[in-house]
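Enquirer: for reference, the sequence and a predicted model appear below.
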Amino acid sequence: MNPILLTPLDISIAASLIILDAVLSIWLRLRLHRQIAIAAARMVVQLVAIGYVLRFIFSLNNPAATLLLILVMVLVAAREVAARPERRFKRHSNLVIGFVSVGFATFITSILALTTAIRPQPWFDPHYAIPLAGIILGNVLNSASLALDSFLGSVRRERHAIEARLSLGESYREAIAPLVREAIRRGLLPIINQMSAAGIVTLPGIMTGQILAGLDPLEAVKYQILLMFLLSGGSGLSALAASYLAAWRLTDERQRLRLDRLH
Amino acid sequence: METALLVKELRSEFAGPFELNLGTGACVAITGPSGSGKSLFLRMIADLDPNQGRVWLHGIERASLPAPDWRKRAAYVSAESGWWADTVIEHFAVNSRSEVAALAARLGLHADLLDASIVRLSTGEKQRLSLVRALLPSPPVLLLDEPTGPLDEESVVRVEALLRERMATGTSILLVTHDPN
């Protein structure tokens, strides 16, 4: 079975659904219509561009080029993580937190998968490494940004509670623990939902893609299961890293709550 | 009178420098217009806000103690009380119920209140309970930000009586107030 190739007209018909979202946003005053339009436009430009880049990198077959591309992807993901929360750190801390949490989770889980489960020859073969890192990145970005958003939002809301605990002589770690827990929990919810719904409510993206591309459903399922495990590990790591880094950035050597470091 | 709390050149980028010599068992009230840095002064002594300067308590310098240990000795009670668990009693050490109830009763709070949900408490009840929470371990210095602000006259009298009693046993109090009395 050969994949059915799409024409530009097929795609433009689907694009009308974006307009539906924008109308919804204006009607319900979600103030998201600009963001939706920009995100949709970005998505198209980015995907077309990455199509060409991937073609080029695959033809190079050079590990340094592969690593460089993945690093750029991590950096862009870090920017997304940094930009999402309503409350942000002054200066570059959001970006650093995003970069470290997303990069750390992505590298650990992709290298684990490439060297122990998928094992392409060589293990850094860009045909495997780049798509795999990309899928993991998309997911860990989600959990890192949810965790960071949850933490930075709650820390300001719970300011009086945290400072009351500090005033009673509790350590910053104790005072902040419920917020860190909640942030990690929030970061893990999407992957838990995804795993619970997989196969019943949704046919996950990779599996669907591979079936559309002609692979046997059971082979596609195996890939999807492996991927879900990787994604849950990656989500946990990135949510953990993002929450702890943010918590650490909001205190100092005298265990104060440094909300002055937020905008 | 023996010095309890000694503050020298305490400042931050927003306020100061402040000097203070608070005797053992003494009470000093700070008054002044809003935004003049009264609360900040208390917070800086408790080391809750960034600050420079030196502070001693009974001769022990603040910088020589880990911050949590210092805050146990110089207990700051905010004008806006903070709560992190669902019910009142969860905010106190386990097995401290009878002491909490006794102290709360002194401030006119019924023992039933200890099992109440925080969201059902009035501002005045929360304020008095946060005072109970700070008084329970008997810290040598109390830093009270508007301790009687949201309270009715009867409660104010009760709070004052309790604080006087603590002063008689050597507790020093630094408080910020709008109330000229």
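Expert: Yep, that arrived. Residues are numbered from 1 along each chain as shown, chains lettered A, B, ... in the order given.
Enquirer: and B:S64, how far from chain A?
Expert: As defined by CB to the nearest CB, to the nearest Å, B:S64 lies at a distance of 12 Å from chain A. C-beta coordinates here come from the backbone N, C-alpha and C atoms, glycine included.
Enquirer: could you report the neighbour count for that residue?
Expert: Close neighbours of B:S64, defined as other CB atoms under 10 Å in any protein chain shown, add up to 9.
Enquirer: cool, and the one 10 residues further on?
Expert: A total of 25 residues lie near B:A74 under the criterion other CB under 10 Å.
Enquirer: look up how far A:S243 lies from the closest residue in space to it that isn't next to it in sequence.
Expert: With CB to CB, 6 or more residues apart in numbering or on different chains as the measure, B:V141 is the residue that lies nearest to B:A74, at 4.5 Å, once sequence neighbours are left out. Using CB to CB, to the nearest Å, we find B:V141 at a distance of 34 Å from A:S243.
Enquirer: these two: which has the busier surroundings?
Expert: For B:V141 against A:S243, the residue with the higher neighbour count under other CB under 10 Å is A:S243, and the figures read 28 against 20.
Enquirer: tell me where the chain has helices.
Expert: Picked chain A for this. Taking DSSP state H, the helices of chain A run over residues A:8-27, A:33-60, A:63-83, A:93-112, A:126-157, A:159-167, A:172-197, A:205-212, A:217-249.
Enquirer: to clarify, I was referring to chain B.
Expert: Remark: helices assigned in chain B by DSSP H are B:38-45, B:67-73, B:97-106, B:123-135, B:153-168.
Enquirer: any idea which of those is most buried?
Expert: Compared across the helices of chain B, helix B:38-45 shows the largest average neighbour count, a mean of 24 (mean count of other CB atoms under 10 Å in any protein chain shown).
Enquirer: quick revisit: surely the residue nearest to B:A74 touches B:T3?
Expert: No. The criterion here is CB atoms under 8 Å, and B:V141 misses it with B:T3 at 11.3 Å.
Enquirer: residues shared between the contacts of those two?
Expert: Common neighbours of B:V141 and B:T3, using CB atoms under 8 Å, 6 or more residues apart in numbering or on different chains, are B:L22.
Enquirer: interface residues of chain A facing chain B?
Expert: Proximity of chain A to chain B is assessed by CB under 8 Å from any CB of the partner chain, with A:158-171, A:178, A:252, A:254-258, A:260 identified as the residues in range.
Enquirer: drop anything exposed from the residues you listed.
Expert: Of the members of the residues of chain A next to chain B, the ones counted as buried by neighbours, 16 or more other CB atoms under 10 Å in any protein chain shown, are A:158, A:160-170, A:178, A:254-257.
Enquirer: distance between the ends of stretch A:193-207?
Expert: With CA to CA, to the nearest Å applied, stretch A:193-207 spans 17 Å between its terminal residues.
Enquirer: okay but A:R31 is in contact with A:A22, surely?
Expert: No. Counting by CB under 8 Å, A:R31 sits too far from A:A22 to count as a contact (11.4 Å).
Enquirer: now for B:P50, how many residues are close by?
Expert: As a burial measure, B:P50 scores 15 neighbours (other CB under 10 Å).
Enquirer: can you pull the contacts of B:L48?
Expert: B:L48 makes contact with A:163, A:166-167, A:256-257, B:71, B:76 under the criterion CB under 8 Å, 6+ apart.
Enquirer: give me the below-cutoff pLDDT ranges for chain B.
Expert: Per-residue confidence of chain B (counting by pLDDT under 70) places the weak regions at B:179-181.
Enquirer: and it, which residues reach chain A?
Expert: Contacts of chain B with chain A, taken as CB under 8 Å from any CB, map to B:46-50, B:66-69, B:71-72, B:75-78, B:80-84, B:130, B:133-134, B:137.
Enquirer: residue contacts, the residue nearest to B:A74?
Expert: For B:V141, the residues meeting the contact criterion (CB under 8 Å, 6+ apart) are B:4-5, B:22, B:57, B:73-75, B:171-174.
Enquirer: nearest to chain A, of the residues you listed?
Expert: Within these, distances to chain A taken as CB to the nearest CB reach their minimum at B:A75, with 6.4 Å.
Enquirer: burial measure for the spatially closest residue to B:T31 that is not a sequence neighbour, as a count.
Expert: Of all residues beyond its chain neighbours, the one nearest B:T31 is B:T177 (5.9 Å), with distances taken as CB to CB, 6+ apart. When counting by other CB under 10 Å, one arrives at 17 neighbours for B:T177.
Enquirer: for A:S101, grab the count of nearby residues.
Expert: By other CB under 10 Å, 31 other residues sit near A:S101.
Enquirer: how much space is there between it and chain B?
Expert: Distance check for A:S101 against chain B: by CB to the nearest CB, it reads 25 Å.
Enquirer: contacts only, for that residue.
Expert: A:81, A:140, A:144, A:148, A:237-242, A:245.
Enquirer: can you put the residues you listed in JSON lines and add neighbour count and pLDDT?
Expert: Below are these laid out as JSON lines (neighbours: other CB atoms under 10 Å in any protein chain shown; pLDDT from 0 to 100):
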{"residue": "A:V81", "neighbour count": "27", "pLDDT": "90"}
{"residue": "A:V140", "neighbour count": "34", "pLDDT": "94"}
{"residue": "A:A144", "neighbour count": "36", "pLDDT": "95"}
{"residue": "A:L148", "neighbour count": "31", "pLDDT": "94"}
{"residue": "A:L237", "neighbour count": "22", "pLDDT": "96"}
{"residue": "A:S238", "neighbour count": "37", "pLDDT": "96"}
{"residue": "A:A239", "neighbour count": "32", "pLDDT": "96"}
{"residue": "A:L240", "neighbour count": "21", "pLDDT": "97"}
{"residue": "A:A241", "neighbour count": "25", "pLDDT": "97"}
{"residue": "A:A242", "neighbour count": "34", "pLDDT": "96"}
{"residue": "A:L245", "neighbour count": "21", "pLDDT": "96"}
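Enquirer: so the worst-scoring helix or strand of chain A on mean pLDDT versus helix A:126-157, what angle?
Expert: Taking all helices and strands of chain A together, the one with the lowest average confidence (mean pLDDT, DSSP states H and E) is helix A:205-212, at a mean of 86. For the pair helix A:205-212 and helix A:126-157, the angle between their directions (axes from the mean of the first three to the mean of the last three CA atoms, to 10 degrees) equals 150 degrees.
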